[in-house]
Every structure is written in C-alpha cells, then in structure tokens.
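Visitor: What would the 3D arrangement of this be:
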Amino acid sequence: MNWDFLAKTSIVLLCLGCTEPVQKQKDALIDKSAINKSFSRTENQVSFSHLYVVLDSISYNMMLHNDYLKSTYAGMDSGLPGFSPIDSTAKSIYLRGRNSYLEILGPQNSFAEPVGQNGIGFALEAENGFSLQNKPHLKETDTKFLTESDTVTFLVNNKNIIWYKPFYTVGMETNIYTWYSYRNPEFLSALYNKNIEKYTEEAYLQGGYKPQKLFENVTQVEIECSRADHYRISKELQLLGCKLKLKSQDTLNFAVGNIDVTLVRNQTITKSYISRIDGTLNAMDNRTLDFHNLKIENSGRSTRWHFKQQLKSK
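Guide: Residues are numbered from 1 along each chain as shown. Below is the predicted model of the structure:
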C-alpha cells in the first residue's frame, strides 16, 4: 500500500468537492486593510511540508529516465512504505530533502489529476502535542476559511494509526490545493519501529533523504495566482498569522516557517500554478537540466526550478 498515494488521495477527494463557482469579482479582491493589520505573535507554528506538480508526459519521462537526477541530484523514491526506489513504470517521483520534499506526478498518475494541477501541504504544530482536538487559532473567528478538517488514518504494522489531521478551505474552485496539517508522532514511531516523541518533517524523511546527494531543502515557492486563489491563499496565511514580508500591487511574499511563499496575482488566468521553486544544495553545482517544460538550474549551492509556459494552465 502506498501511503503517500492514499494520503494525497484523501485530500484531493475532499478538495474535488469544491465545485462552487469562483467568488464574484468584489470578493476576489485582496482585502488590503486586513493584510496590513499587525501580525502579532500567533499560537500557530506553520511550516512547509511538500508540494506536488503534475507534469506532461514528455517532461515527466525525461525526469524519470535521467541518471543524473537519480545518482547525484536527490534521494528519489516511489513513496511509502519503505521509500522504495523508482523504476521505469513509476507514476510518481518523490524527491526528498532534509525537511521538505517534492512530489512530481506524470499524466497517468494514480490520482487522475490533470497536467498542470498543483498542491501544497503545510504543517501545523500544537504547543501541547498532537490531538484530534487540535485546530488552528485563526485571527478571525467569523470566517469561511480553514474551517473544514479531516483525519487521515492508515494501516501500519497491522494497526490503524492516524497520520495527520488537515485543515482546508472549501467552496472555491481551484487548480492549486492547500492544506495545513497536524501530524501524529505515533505514526512515525510505528513506521520506523522506534519511539519518536515529536513529528517533524526531518524525522519523517529520515528514510528517504540522502545527504550525500545534492538536494537539501526548499526555500521558496512562487505561485502565479488567479484573482480568487490570490485572495484565498493570502487569506489563509494571514489568518494563521504568517508574516507578510513584502507587498506590492500584485505580489505578496509571506514567511511561512522555513520558506517564503510568493503569491503573484495574474489578472489574465483562471487556473493557478506553481511557477518557481527555489532550494538549497549540499554541495556546489552549476549544472542546468532541461526537461522540456521544466528547467532546473543549479548555481553554487542553490537550485531553482522553472516551470515553462507550455505547462501552465491558462
């Protein structure tokens, strides 16, 4: 059983129910007065976990069969259990960093998600540890955002164990899903057959991260947003108390724990997409890799992923 697959399927099925029309134009505008409010200390601890992108067949197959990626660039696997190595039939590729990872799906992926679709998973940490009663402390109590939740439970060593409890927003059609989850350390204890008292991404990724390879971590994600998604995602981050670092006419940059999230409003699109991913490397490298609609550029100890125009959903 591929738990990465099942976990994301749960989120996708929840989100696919969000088929109500996009909010009216007046609702899709950023509430600048709300965003400009002071971001006081928040009880939420928010960090980046992972993201997924669905590639076209040419780009995906070029990645899947690239020896440099597998041997040098990153620890790559096909998901849980066991972080099994990918083979030529893999429908998804997981690139594991120290405390974040990337999920790359092909067009024939098991989730039946279309080319160009994206999602970002964030982690929430409660001061008193994991509980099914955990819920984020939002800066507004009367809000429709982040009010839905679920629990994701899987069989580990013949025992059903709750993995995480995600919170998300429903009621707005989107091409980029976002969810914010409390994670259960008992899942890691069962997965690795040892006592793990605190769930961290680094503890989860100990079975897949390869420090001798180049890829270390994600540091920034840039999203080209429709008006509705620009409003929704910025509102979610604001409600959670994430710090707004930069604001211009169409661009917002938030500090979300261990990374920056940049939201660029594009008035001409209706479907949002991840346009750029920045990260760090464990060693110097200056190679450029071109995978048709995806280019990876390494410079020193930095890596940058560019998703080209052909992949972007208009």
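Visitor: all helices for the stretch 151-300 of the chain, in order.
Guide: For the stretch 151-300 of the chain, the helices defined by DSSP state H, counting those that start in this stretch occupy 185-192, 201-204, 227-240.
Visitor: okay, those helices, which one's buried deepest?
Guide: Between the helices of the stretch 151-300 of the chain, helix 227-240 has the highest mean count of neighbours, a mean of 23, where neighbours are mean count of other Cβ atoms under 10 Å. C-beta: built from backbone N, CA, C; applies to glycine.
Visitor: That one - what's its average pLDDT?
Guide: Mean pLDDT, computed over helix 227-240, is 98.
Visitor: Count the neighbours of the nearest residue to Arg183 once chain neighbours are set aside for me.
Guide: Once flanking residues are discounted, Arg183 sits nearest to Tyr199: 3.9 Å by Cβ to Cβ, 6 or more residues apart in numbering. Tyr199: 23 surrounding residues under other Cβ atoms under 10 Å.
Visitor: From what I see, Tyr199 and Ala190 are in contact.
Guide: No. Because the distance of 11.9 Å does not satisfy Cβ atoms under 8 Å, Tyr199 is recorded as not touching Ala190.
Visitor: Ok, which of the helices of the stretch 151-300 of the chain comes nearest Glu140?
Guide: helix 227-240 (6.1 Å; Cβ to Cβ).
Visitor: Give me the pLDDT for the spatially closest residue to Phe215 that is not a sequence neighbour.
Guide: With sequence-adjacent residues excluded and distances taken as Cβ to Cβ, 6+ apart, Phe215 is closest to Ala74, at 3.6 Å. At Ala74, the model reports a pLDDT of 98.
Visitor: How about the one 3 residues further on?
Guide: pLDDT for Asp77: 96.
Visitor: Could you list which residues are in contact with it?
Guide: Applying Cβ atoms under 8 Å, 6 or more residues apart in numbering to Asp77 gives the contacts Phe83, Ser84, Pro85, Ile86, Tyr94, Arg96, Gly208.
Visitor: Was I right to think the last one contacts Phe83?
Guide: Yes. A contact is recorded between Gly208 and Phe83 when judged using Cβ under 8 Å, the distance being 4.1 Å.
Visitor: Next, show the common contact partners of the two.
Guide: Both Gly208 and Phe83 are in contact with Gly75, Asp77, Tyr94, Arg96, where contact means Cβ under 8 Å, 6+ apart.
Visitor: Now the first one: closest residue in space, sequence neighbours ignored.
Guide: Beyond its immediate neighbours in the sequence, the residue positioned closest to Gly75 (Cβ to Cβ, 6+ apart) is Lys210, lying 3.4 Å away.
Visitor: dump the residue contacts of that neighbour.
Guide: So Lys210 contacts Ala74, Gly75, Arg96 (Cβ under 8 Å, 6+ apart).
Visitor: Show me which of those residues is closest to Leu239.
Guide: For the contacts of Lys210, the nearest to Leu239 is Arg96 (30.0 Å; Cβ to Cβ).
Visitor: Thr143 - nearest residue in space that isn't next to it in sequence?
Guide: Nearest one to Thr143, counting by Cβ to Cβ, 6+ apart, is Leu239 at 6.4 Å.
Visitor: shouldn't that neighbour be in contact with Thr147?
Guide: No. In this structure, Leu239 is not within contact of Thr147 by Cβ under 8 Å, at 10.2 Å.
Visitor: my read: Asn266 touches Glu224, true?
Guide: Yes. Between Asn266 and Glu224 there is a contact at 5.2 Å, judged by Cβ under 8 Å.
Visitor: Phi, psi for the residue of the chain positioned farthest from its centre please.
Guide: In the chain, the greatest distance from the average C-alpha position (Cα atoms, centre = their mean) is reached by Asn158, at 28.8 Å. The phi and psi torsions at Asn158 (degrees, to the nearest 10) take the values phi 70, psi 20.
Visitor: Glu148 versus Lys245, what's the distance?
Guide: Distance of Lys245 to Glu148, computed by Cβ to Cβ, to the nearest Å: 28 Å.
Visitor: neighbour-wise, which of those two wins?
Guide: Using other Cβ under 10 Å as the criterion, Lys245 and Glu148 rank with Glu148 on top: 17 against 12.
Visitor: nearest spatial neighbour of the more buried one, skipping sequence neighbours?
Guide: Leaving aside its sequence neighbours, Glu148 sits nearest to Val170 (Cβ to Cβ, 6+ apart; 5.0 Å).
Visitor: quick one, phi/psi of that neighbour?
Guide: With angles defined as degrees, to the nearest 10, Val170 sits at phi -120, psi 160.
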